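1. dropping a prediction and its sequence here:
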Protein chains: 4
Amino acid sequence: MEPERLPTGLFNAADYERLAPAHLPADRLAYIAGGGGWDTTVAANRAAFARWAVLPRLLRDVRGGHTRLRLAGQVLPHPFLLAPVAHQRLAHPDAEVATARAAEATGTCLVASTLSSQPLEAIAQAAGSGARWFQLYLQPERAHTRDLLARAEGAGFSAIVLTLDASIQLPSRSALAAGFVLPPECTAANLAGYPPSAPAPLRPDDSRIFQGAMRHAPTWDDLQWLLSATRLPVWAKGVLHPEDARQLQAAGAAGVIVSNHGGRSLDGAPASLSMLPAVRAAVGADFPVLLDGGIRSGQDAFKALALGADAVLIGRLQTYALAVAGALGVAHLLTLLQEELQACMAQAGCAALADITPDALVPCPDPLPTSPC
Amino acid sequence: MEPERLPTGLFNAADYERLAPAHLPADRLAYIAGGGGWDTTVAANRAAFARWAVLPRLLRDVRGGHTRLRLAGQVLPHPFLLAPVAHQRLAHPDAEVATARAAEATGTCLVASTLSSQPLEAIAQAAGSGARWFQLYLQPERAHTRDLLARAEGAGFSAIVLTLDASIQLPSRSALAAGFVLPPECTAANLAGYPPSAPAPLRPDDSRIFQGAMRHAPTWDDLQWLLSATRLPVWAKGVLHPEDARQLQAAGAAGVIVSNHGGRSLDGAPASLSMLPAVRAAVGADFPVLLDGGIRSGQDAFKALALGADAVLIGRLQTYALAVAGALGVAHLLTLLQEELQACMAQAGCAALADITPDALVPCPDPLPTSPC
Amino acid sequence: MEPERLPTGLFNAADYERLAPAHLPADRLAYIAGGGGWDTTVAANRAAFARWAVLPRLLRDVRGGHTRLRLAGQVLPHPFLLAPVAHQRLAHPDAEVATARAAEATGTCLVASTLSSQPLEAIAQAAGSGARWFQLYLQPERAHTRDLLARAEGAGFSAIVLTLDASIQLPSRSALAAGFVLPPECTAANLAGYPPSAPAPLRPDDSRIFQGAMRHAPTWDDLQWLLSATRLPVWAKGVLHPEDARQLQAAGAAGVIVSNHGGRSLDGAPASLSMLPAVRAAVGADFPVLLDGGIRSGQDAFKALALGADAVLIGRLQTYALAVAGALGVAHLLTLLQEELQACMAQAGCAALADITPDALVPCPDPLPTSPC
Amino acid sequence: MEPERLPTGLFNAADYERLAPAHLPADRLAYIAGGGGWDTTVAANRAAFARWAVLPRLLRDVRGGHTRLRLAGQVLPHPFLLAPVAHQRLAHPDAEVATARAAEATGTCLVASTLSSQPLEAIAQAAGSGARWFQLYLQPERAHTRDLLARAEGAGFSAIVLTLDASIQLPSRSALAAGFVLPPECTAANLAGYPPSAPAPLRPDDSRIFQGAMRHAPTWDDLQWLLSATRLPVWAKGVLHPEDARQLQAAGAAGVIVSNHGGRSLDGAPASLSMLPAVRAAVGADFPVLLDGGIRSGQDAFKALALGADAVLIGRLQTYALAVAGALGVAHLLTLLQEELQACMAQAGCAALADITPDALVPCPDPLPTSPC
Ligand SMILES: Cc1cc2nc3c(=O)[nH]c(=O)nc-3n(C[C@H](O)[C@H](O)[C@H](O)COP(=O)(O)O)c2cc1C
Ligand SMILES: Cc1cc2nc3c(=O)[nH]c(=O)nc-3n(C[C@H](O)[C@H](O)[C@H](O)COP(=O)(O)O)c2cc1C
Ligand SMILES: Cc1cc2nc3c(=O)[nH]c(=O)nc-3n(C[C@H](O)[C@H](O)[C@H](O)COP(=O)(O)O)c2cc1C
Ligand SMILES: Cc1cc2nc3c(=O)[nH]c(=O)nc-3n(C[C@H](O)[C@H](O)[C@H](O)COP(=O)(O)O)c2cc1C
């Protein structure tokens, strides 16, 4: 097999989005790029970044600059994490194993999805000494969830990311139109050993939503149970409402991830970035807050940090880089993102992440696109 | 005759609007879709929904969820009503009778128009045990109005919806351009027995508007008369100004319907949704307020409920579904709308309509379209 | 000669703008439609109307409705005036005489331009018993201005409209591009007897603007002189700044016309409608304030009246109607405008112009076009 | 060689931008027109002007009008300076010498770039008696900077413009796409005698940004050194943050130039015009503040002056005029800009620059383009 090479024309992280269509079948691209319904929230996620401009500062000495941070006890060299993305075999035969290798090579914390194409144990092995967290979907049977937790702990995952916003996920209209169906080789490898519970029948007046899809949706009780069932810190992913953030903090979460699942959950939800300041205000300055949704450049990450995030997660770009050039692509993407962030910091006079404060931004009177993507 | 079938591609309620052009001649489509003049208000009705995003809530237990409500004494299983739409034979040979059957099948309250293609008695019969209201246009002769009221009461209509905003209705420019004229088979069946009054001649300095078209426009006196002429509750349809709502409440109306006649009355009037909060504030929390105009999805209904409506009426979508697939289409449309509403409620953590409050919404900084329609 | 006929497709006043291109050579159309420079202010004038929606009112009795008003002592049947438009022979061989006939036929007050293609005496004769005002450009020689005033008074013009915003008028870029030059038959008939003064030579450091074009620009002294030189009321046309309005009121003007010369003067000036509320506030409730710029419908006039104007002037639409169908077209246009205004008043519950108050409008969150023009 | 001629179609200063594509190879045009990255800030610079309308004033006597100003001790006939633009040989073989001749002919203060294609001595000679400033990029070796200063002082440059915002300059995406590379004839003539310092190697964990590109970025210490190393006044160019302006004022700068390097530095920085009012407020009424970025007309300059600038610099337009018609083009451009400014002043009732105050502007509710460029 030929070793993978980077195609030409990759100047910016966002170029991976631009080049993806040449490396992915149209239906898979539609599935990955799409959100719920009409992609309203997908578009909102991007538009939110264009509403802020970055204010340069002059004459500051940033020659000692770096991007290190401490996140819930772990030291990371830079504030980019790889978001949990299911079914990576859709993008590349090497799937999550390639992503994990790129993570280790670039010092990036990887968040492996419950719905990975490859087993979490294989992903852990590929990640080597690199930081890794496990994204958890609560399973209908608590025994299965308990088993997943044990396996993740055993494989060296150092935190659990509990995704809370995916009980109802309506397909993207464009994925429907493109005729996307999950191909047979994309199975949920982690769940192979857990027999699916038989669907409980609905009574005549039951709602397919309230009494159907929501039957196994996580509740506050489930969260309490989970916190007692693992010794790992538990992050809550999918937070938009400040009050939910406050309650999760009170309940004992390690931190919150402000996210709308990249627009793949409730189509019509607000941009994650636009809820970030209120969430930060609700939990105070010291509680860990991450953000994902719409990040396509290092400057986007700068904006998220200025508005209150400690770090950001990269969803679609990761998948596009995987499709374009496998592990090499993902590693290159992470290098580009870091350099873009550093260049933006240097121009804004910030020598460390803590220097990135809200007054580095000014609102844009007419939002302008920050990239063609 | 072949039984009607649903065409493919119907994933969302809004798809009925998308498919309608394939099932309606262009001139009829222009007439139904159009508003007054340049369709300014038609567009405003849609745009108003895009200015709000829905805020998901996490971890709430909605397994006991439902959408029941009590409206002026009647219990309805869901908050969608079929708006009065005249001349339904334009859309389908089965016309209002098909719509009524769909209403009964889905537990939907039907509002029959004075200008139906079929007599109110036939509609009532088709509606069977289903809830039905009668939309009234005051007739030039009070005797005729009185007769209509008696017939509606006799046929089991349980409320009167008095439409107040249609004294002057200018044709849609696009309907004019498409050459639409009402075909001969579309007569106002209910009015067949009432001879039209001879048009009173205008004096030299009279205005065709003030002394002409407005001669028979309803006034506060007419409303008083109507309230005394029927034992049924009387809803006022076409309210936009909060002060009008307050006065209607004081005058004894059963409730108000915030509406601009789907943009078919004064072109240039504001979106109904944008006036809703002020109307709700004017009449207090307990007075019944409905809304129509621009609703194309269950999420749109959620937004209307969050901003103060008790329920919503469905105008054009109903007609499109009728054109696409007759009674079956209308029933399917109502099922889709309910499921979309339930999914939105579940994601917003609302187990009952009363849980849908204004803080479930956040304003969108840049309005984004919620659907391609 | 065939009597003129109305073409088909004239449903609204704005249709005259739509049809004009078929009745005018492209260069003349560009000259008439264009403003100064890039037509920024032309576009702003239109956009300003789209920022307001009209709020319908219900159940009000408007059967005694009318549109009469008293303007600086004169009673007019409706609040539309014909704005001064130079060189009407560009649009139609019958030129201002045709316009004047239409004015008389529709009870419209006509404002004849200093730069008419036909002499003011001929226009006055065609206007017959109709109200007429004379728009004055101060002439370099006071003797010539005095003569013009005497002629206007003698011909029965009952007011002077002093245009103040046209000392510098840069050509429209689109008129330049279309190669427009004033054709030889378009002369300034009123000025035929006044020999042009020799242009004063500029000194080396002189500016072509300050010491050139502005040499004969009107000043406060000139206004004082004019007020003493005529017994007619003097209106000031071209007012945008509230402070100018206040000073003109103090100086003795009969009223002000809020206008930016239809965008033909300073390209980049604000919409006249957007300055109207501040001007009205500056001069108080009782001082006469007219507005022009961008009015294309009776509803536009309604908005101007709601925001503080006593009446409005019609510029380009007048010229388009003249081009499309001569005197008949202008008369028809004025009839359409009146009926559109009346329909809007009736729907807004206004039986008289005084009922049109600011609370009849609500700001549009996203401005929508009110007409395709 | 044929003497250069002005092509037809040059009515406004902005026409030089319109005509430039016919006079420049596509790759050079892309390099000159482009900014950093996706040209976000380039677009923002233009959009900022469209957010303001100019308010005409009536009846004021401006016959003694002029545009003279005193800038840090120098009297200039008009408030347009030629911004420092590197590598002018890209646009025309006569390069900076042609620009300098045009500057002298029009009484314009020229700011020569460190990176000129021709030596500063040649530029000074061509500028003759005209005002000229020297734009300085600090050199890695202080000895080289000292030498540049000595040469500039010797050649009659009367001020230093220290550019502070160019330590990191990412290429324009469109210039990359057009394949632009600096052609061999475009060398930095001023720097020919200064051998480049060997690039210091990066250590393993060093950042290519913080420890690489930023190694020689100017700091507050460097500014202090510079102020002591020259007897000329030192302007700081590239200021956007009001706090930087205040600190530069305190440190002894002669004045600040509000600028984002024409969008060529941090892509995503705000429009320079939108930061101008805050900068003016920070330094008080009397400290010299210039502005550049996006100026394409005399009216744009008027807006900048109204919002707090004492004068403006012209970047790209200068280069386009040079490409279109050499020295003649640049001189003509400056004449057009002056007349456009004068016309705007006259219409706004301003007879001197000091009369141009913030109340001459009103915000535009919907920004409209002021020119097609
Ligand atoms: C194809 C795809 C699959 C995803 N799968 C998961 C998943 O299994 N678990 C999860 O919590 N989030 C999942 N997400 C959401 C991402 O973790 C992340 O929230 C989102 O992609 C961030 O937005 P961005 O794509 O604009 O960066 C997925 C996203 C995509 C695009
Ligand atoms: C074709 C058509 C006919 C209508 N006929 C009536 C009618 O007879 N009486 C009435 O009160 N409203 C009538 N309406 C208005 C509707 O009741 C309702 O207010 C409007 O359609 C709601 O907006 P929507 O179409 O965007 O849902 C009609 C609407 C349409 C589209
Ligand atoms: C072709 C043309 C010629 C005009 N000539 C004059 C004129 O001679 N005197 C004057 O005061 N205004 C003149 N105006 C301005 C109008 O009186 C009026 O202010 C303007 O047209 C109103 O805007 P509207 O065209 O959008 O209605 C002219 C306008 C046009 C379009
Ligand atoms: C091709 C080009 C080269 C430039 N070179 C320099 C330079 O050498 N030094 C500098 O301080 N600014 C330089 N600038 C920035 C200009 O001085 C000025 O800030 C900018 O062009 C103003 O924006 P405008 O082009 O929209 O007028 C350059 C700009 C351009 C377009």
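-> Alright, I've got the coordinates. Ligands and ions are numbered 1, 2, ... in the order given.
2. what are the ranges of the strands in the stretch 151-300 of chain A?
-> For the stretch 151-300 of chain A, applying DSSP state E, counting those that start in this stretch gives strands covering A:160-163, A:234-239, A:255-258, A:289-292.
3. which one is residue A:359 nearest to, not counting chain neighbours?
-> residue A:55 (7.5 Å; CB to CB, 6 or more residues apart in numbering or on different chains). From N, CA and C alone the C-beta is placed, and that goes for glycine too.
4. likewise for residue A:109?
-> Ranked by CB to CB, 6+ apart and with sequence neighbours excluded, the top spatial neighbour of residue A:109 is residue A:131, at 4.0 Å.
5. about what we covered before: the residue nearest to residue A:359 against residue A:361, yeah?
-> Yes: contact between residue A:55 and residue A:361 holds when scored by CB atoms under 8 Å: they sit 6.7 Å apart.
6. which one of those two has more residues nearby?
-> Ranked by neighbour count (other CB atoms under 10 Å in any protein chain shown), residue A:55 and residue A:361 place residue A:55 first, with 24 against 20.
7. and that one, what does it touch?
-> A:348, A:359, A:360, A:361, A:362, D:240, D:241, D:269, D:270, D:275 (CB atoms under 8 Å, 6 or more residues apart in numbering or on different chains).
8. which among those count as buried?
-> For the contacts of residue A:55, a burial check counting by 16 or more other CB atoms under 10 Å in any protein chain shown picks out A:348, A:360, A:361, A:362, D:240, D:241, D:269, D:270, D:275.
9. next, format these as TSV and append pLDDT and distance to residue B:223.
-> Shown next, in TSV, are the buried ones among the contacts of residue A:55 (pLDDT from 0 to 100; distance: CB to CB, whole Å):
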residue	pLDDT	distance to residue B:223
A:348	98	64
A:360	97	60
A:361	98	55
A:362	97	54
D:240	98	62
D:241	98	63
D:269	97	61
D:270	97	56
D:275	98	58
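10. filter those by proximity to ligand 2?
-> Among the buried ones among the contacts of residue A:55, no residue lies close to ligand 2 (CB under 6 Å from any ligand atom).
11. so can I have CSV of these showing distance to residue B:263?
-> Below are those laid out as CSV (distance: CB to CB, whole Å):
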residue, distance to residue B:263
A:348, 48
A:360, 45
A:361, 39
A:362, 39
D:240, 45
D:241, 48
D:269, 43
D:270, 39
D:275, 42
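12. tabulate the residues you listed (TSV), appending distance to chain C.
-> Below are those laid out as TSV (distance: CB to the nearest CB, whole Å):
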residue	distance to chain C
A:348	33
A:360	30
A:361	25
A:362	24
D:240	25
D:241	29
D:269	25
D:270	22
D:275	22
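13. nearest to residue C:73, of these?
-> Nearest to residue C:73 among the buried ones among the contacts of residue A:55: residue D:275, at 52.9 Å, using CB to CB.
14. against chain D, how distant is the closest residue to residue A:240 other than its chain neighbours?
-> The shortest distance from residue A:240 to any non-neighbouring residue, by CB to CB, 6+ apart, is to residue A:275 (4.7 Å). Plainly put, residue A:275 is 22 Å away from chain D if you go by CB to the nearest CB, to the nearest Å.
15. against ligand 1, how distant is the closest residue to chain C within the stretch 51-200 of chain A?
-> Closest residue of the stretch 51-200 of chain A to chain C, CB to the nearest CB: residue A:51 (16.4 Å). Using CB to the nearest ligand atom, to the nearest Å, residue A:51 is found at 16 Å from ligand 1.
16. same thing with residue A:296?
-> Applying CB to the nearest ligand atom, the value for residue A:296 to ligand 1 is 8 Å.
17. counting neighbours, what do you get for the closest residue to that residue other than its chain neighbours?
-> Nearest residue to residue A:296 in three dimensions, chain neighbours excluded: residue A:14, at 4.6 Å (CB to CB, 6+ apart). Residue A:14 has 26 neighbours, counted by other CB under 10 Å.
18. surely residue A:14 touches residue A:295?
-> No: here residue A:14 lies out of contact with residue A:295, judged by CB under 8 Å, at a distance of 10.0 Å.
19. mind listing the shared neighbours of these two?
-> Counting by CB under 8 Å, 6+ apart, the shared contacts of residue A:14 and residue A:295 are residue A:317.
20. many thanks, we can stop here.
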